[in-house]
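> Based on what follows, work out the 3D shape:
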Amino acid sequence: MTLPVASRRIIVGLAMVVSLASCATVTPKCTQAVPAPPAVSKAYCGSTASPPRNYQHIVVIMEENRTWSSVGGVGFKDPAMPYVRSLAKGCTTFTNWTETNRSQSSLTQYVGLTTGVDNRATVDDCTPSTTCRSTDDNVFRQVRLAGGTARSYVEGATTGCSAKGNSAKHVPALYMDGTYRVGGTAHDDHSFCAAEVRPFTEFDVDHLPTFALITPNAIHDGHDCGNATVDAFAGSLLSKILDSPTYAAGSTAVMVLYDEDSPVPNLVIAPTAVAGVVGTPRAGHAAMLRTWEEMLGLPVMRQGQLIDAISLRGPAHI
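As a prediction, this is how the structure comes out:
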């Protein structure tokens, strides 16, 4: 028997509660050592200077399956998340963040975040194929056409265009399979997969691409483990980015985003990002995509939920 989507989501949610509780107590993989990040001892956000017109780099760190209440409330108040909580106090969080489709699971949200489209072909976490793909325009293509570099960094992968050691449903670039023309020459998104979907080991804070989407593995993104594991991994990664000369130069922004379960936890980090909680209505995945496009000087795609999406540049002061 096939259960309705809503029922399946309830069952998955209950299973996850059990899984997280188990990880917190006995599961070795959830207690694997991750270098503890240094304490947040300086302000990474909150400058009253004008934001840059165009950013040079955007880095997105994806996490899994939380609502605000499951991270201790708005602002990551869970004591198990000291690093992210400290950052949230000085940077921007939005209270009412919505995913692409509340009735669907991870893949729909990742594809929606990068295309703006609630894609009926990429549902139920299907595997990339000729029937499970996106042919829509997407942020990776936009960056590429503008002369920038788009990269998806996959923890666990060892070769290009691979989700080995991870989950394809969390790597939206693997599903991009549209065609387009440039100067009369035909191109297709998938032909760039090997160059643009790369192992996480290649991520270098001193040589950032224009747009980077980082997919941690199921341990570090919170899919299989608890908030303490997420905080340790995210904190270790964030501290390297935020203490780099590239971030200090003022034209790099970093986002920590969860995929689903409204209201979805989120954190926007940029030198001029306003400190504290912002209650802007209609914040969410589509609004974030539009904001990335504006920050990188790209045209806003006129498709799907982007048509009515708001910009978060003003509310977040980025």
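> I307 belongs to a helix, doesn't it?
Yes - per DSSP: H, G, I helix; E, B strand; the rest coil, I307 lies within a helix segment.
> can you tell me how far it sits from R290?
10 Å (C-beta to C-beta, to the nearest Å). Backbone N, C-alpha and C define where each C-beta goes, glycine included.
> Compare those two and say which is more crowded by neighbours.
R290 (23 against 12; other C-beta atoms under 10 Å).
> Touching, the more buried one and A309? I think so.
Yes - using C-beta atoms under 8 Å, R290 is in contact with A309, at 4.4 Å.
> hey, what's in contact with both of the two?
Residues touching both R290 and A309 (C-beta atoms under 8 Å, 6 or more residues apart in numbering) are 116, 300.
> mind listing what E99 touches?
Neighbours of E99 in contact, by C-beta under 8 Å, 6+ apart: 108-109, 112, 259-262, 264, 284-285.
> Relative to F233, how far out is the residue positioned nearest the centre of the chain?
By C-alpha atoms, centre = their mean, the chain has its centre lying nearest to M62, at 3.5 Å. Applying C-beta to C-beta, the value for M62 to F233 is 12 Å.
> do the same with T127
In this view, T127 and F233 are 26 Å apart by C-beta to C-beta.
> Between these two, which is the more surrounded one?
More neighbours surround F233 than the other of T127 and F233, with 25 against 12 (other C-beta under 10 Å).
> In which helix or strand does the residue nearest to the more buried one when sequence neighbours are not counted reside?
Excluding its sequence neighbours, the residue lying closest to F233 (C-beta to C-beta, 6 or more residues apart in numbering) is H220, at 3.9 Å. In this structure, H220 sits in neither a helix nor a strand according to DSSP states H and E.
> Let me know the pLDDT of V17.
At V17, the model reports a pLDDT of 38.
> Ok, the one 4 residues further on next?
Note on A21: pLDDT of 38.
> Pull up the overlap in contacts between M62 and F233.
P216.
> For the residue nearest to G284 when sequence neighbours are not counted, grab phi and psi.
Using C-beta to C-beta, 6+ apart and skipping the chain neighbours, the partner closest in space to G284 is T98 (3.8 Å). The phi/psi pair for T98 (degrees, to the nearest 10) reads phi -110, psi 150.
> Am I right that V111 is in contact with Y175?
Yes - with contacts counted by C-beta under 8 Å, V111 reaches Y175, the gap being 6.0 Å.
> Now do the shared contacts for the two.
Residues touching both V111 and Y175 (C-beta under 8 Å, 6+ apart): 122, 134.
> Quick check: which element contains A194?
Assigned by DSSP H and E, A194 falls within helix 193-196.
> what's that helix packed up against?
The helices and strands touching helix 193-196, judged by 3 or more C-beta pairs under 8 Å, 6 or more residues apart in numbering; DSSP states H and E, are strand 150-154.
> Walk me through which strands the strand it packs on pairs with, and which way each runs.
Take DSSP bridges as the rule and strand 150-154 pairs in its sheet with strand 197-199 (parallel), strand 211-215 (parallel).
> now those strands in JSON lines, with distance to Y55, mean neighbour count and mean pLDDT?
Below are the strands paired with strand 150-154 laid out as JSON lines (distance: least, C-beta to C-beta, whole Å; neighbours: other C-beta atoms under 10 Å; pLDDT from 0 to 100):
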{"stretch": "strand 197-199", "distance to Y55": "21", "mean neighbour count": "22", "mean pLDDT": "98"}
{"stretch": "strand 211-215", "distance to Y55": "10", "mean neighbour count": "25", "mean pLDDT": "99"}
